[in-house]
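In: Okay, sequence plus prediction incoming.
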Amino acid sequence: MATQTMLPRKTRELHNHHFDSTIWNDFQFRGDDIIIATYGKSGTTWTQQIVGQMLLGPDPDLAVAEMSPWLDLRVPPKAVKLPAVEAQTHRRFLKTHLPVDALRFSDQAKYIYIGRDGRDAVWSMHNHHANANALWYQMLNETPGLVGPPIAPPPADPAEYFALWLEGDGYPFWSFWDNIRSWWQIRHLPNVHFLHFADLKRDMPGQMRALADFLGIEVKAEDWPMIELFCSFDWMKANASKSTPLGGAFWDAGAQTFINKGTNGRWMDSLPAAVSEAYEERARAELGEECAAWLAQR
């Protein structure tokens, strides 16, 4: 495993309508914990489903959303969430959207980072945000402890939404560049495994087997067909309440809104070329040529 001198250190706290990064200060790691990390709308739920089914399946009734909480989401508060996570008896697999330097990093845990082109991620995020209902806004804006401005409804046009996101470095959520850059810098650590959304789309069975090897999960050969079925996009869309927080209660159209299309390139027909080029230029400047090229896969 990684030595102490190689490990990233927590250097800051992040708070907003979603984040309370201080929960990591009190989190007690176990030696076999799995942390699933993304910027957001980059394959997080898909990877949680894959890990859950490989660990505990095949099981069509696996309640992955309950079993794999977003640890740094500020609701429910950490006084409620931490005891619930501590009480779990299965191998834990938790979700984070933080950059590395805002969480505590363990040399014993296994970290999976999933990347996706920012344009694809934001198009998916717009669907997530535009279809959120009053309960979603109430949860984020009215729960005590909010730091910073509340989150407001988005513009109807995803291209306008993207332009605001690019100009505001992740507005109204959090910095895209900080997140990608911080994880990219530790990609060579032996307890960090990088995935790309496009690779999962292209070869889910191969990526799943590589992930099982990394996590040390032994899957019986006869179980793979059903596990792959339960991790397919069509099955997850049809059974979205199993992998969506609160069964989709934050979206009036239900959990199928959260599990939307799972496709890339939806921005190509509506994002102005100048804005797309500005994004690509910014990606190279912020991340470097190698990381920007990796992220741009479709």
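Out: All right, it came through fine.
In: which residues of this protein fall in strands?
Out: 34-38, 93-96, 110-115, 192-196 (DSSP state E).
In: Which among these is found nearest to D61?
Out: D61 lies closest, by CB to CB, to one member of the strands of the chain: strand 93-96, at 17.2 Å. Where you see a C-beta, it was placed from the backbone N, CA and C, and this is true even at glycine.
In: tell me what the closest one is packed against?
Out: Packing partners of strand 93-96 (3 or more CB pairs under 8 Å, 6 or more residues apart in numbering; DSSP states H and E): strand 34-38, helix 44-56.
In: roughly how far out does the last one sit from the chain middle?
Out: On the basis of CA atoms, centre = their mean, to the nearest Å, helix 44-56 sits 12 Å off its chain's mean C-alpha point.
In: Hmm, T96 is touching I34, no?
Out: No - counting by CB atoms under 8 Å, T96 sits too far from I34 to count as a contact (11.1 Å).
In: Please verify my assumption that K10 contacts S106.
Out: No - with contacts counted by CB under 8 Å, K10 stays clear of S106, the gap being 11.2 Å.
In: neighbour-wise, which of the two wins?
Out: Shown here are K10 and S106; by other CB atoms under 10 Å, S106 has more neighbours (18 against 15).
In: what about the nearest residue to the more buried one once chain neighbours are set aside, how many residues close to it?
Out: Leaving aside its chain neighbours, S106 sits nearest to F29 (4.5 Å; criterion: CB to CB, 6 or more residues apart in numbering). F29 is flanked by 15 other residues according to other CB under 10 Å.
In: right, and F29 touches D107 too?
Out: No - with contact defined as CB under 8 Å, F29 and D107 do not form a contacting pair (9.5 Å).
In: For F250, give me its contacts.
Out: By CB atoms under 8 Å, 6 or more residues apart in numbering, the contact list for F250 reads A132, N133, L135, W136, M139, F258.
In: Ignore what I typed, I meant I180.
Out: Y39, G115, E286, L287, C291, L295.
In: any idea how far Y137 is from the fourth one?
Out: Spelled out, it's L287. For L287, the distance to Y137 equals 32 Å [CB to CB, to the nearest Å].
In: do L189 as well
Out: Between L189 and Y137 the distance is 38 Å, computed by CB to CB.
In: re the thing from before, farthest-apart pair in the contacts of F250, please.
Out: The widest separation within the contacts of F250, taken as CB to CB, falls between M139 and F258 and amounts to 14.4 Å.
In: Provide a list of residue ranges in the chain with pLDDT below threshold.
Out: 1-5, 244-248, 253-263 (pLDDT under 70).
In: Quick check: the residue of it positioned farthest from its centre vs L164, distance?
Out: Residue farthest from the centre of the chain, counting by CA atoms, centre = their mean, is E222 at 29.4 Å. Distance of E222 to L164, given as CB to CB: 50 Å.
In: related to what we said a few turns ago, who touches the residue farthest from the centre of the chain in this structure?
Out: Going by CB under 8 Å, 6+ apart, the list of residues near E222 is empty.
In: Can you identify the helix in this protein that spans the most residues?
Out: If each helix of the chain is counted by residues according to DSSP state H, the longest one is helix 273-287.
In: Would you mark the buried spots in that helix?
Out: Within helix 273-287, the residues that qualify as buried are V275, S276, Y279, R282, A283, E286, L287, counting by 16 or more other CB atoms under 10 Å.
In: Please produce JSON lines containing the residues you listed, extended by distance to S182.
Out: What follows is the buried residues of helix 273-287, written out as JSON lines (distance: CB to CB, whole Å):
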{"residue": "V275", "distance to S182": "25"}
{"residue": "S276", "distance to S182": "25"}
{"residue": "Y279", "distance to S182": "19"}
{"residue": "R282", "distance to S182": "17"}
{"residue": "A283", "distance to S182": "15"}
{"residue": "E286", "distance to S182": "12"}
{"residue": "L287", "distance to S182": "11"}
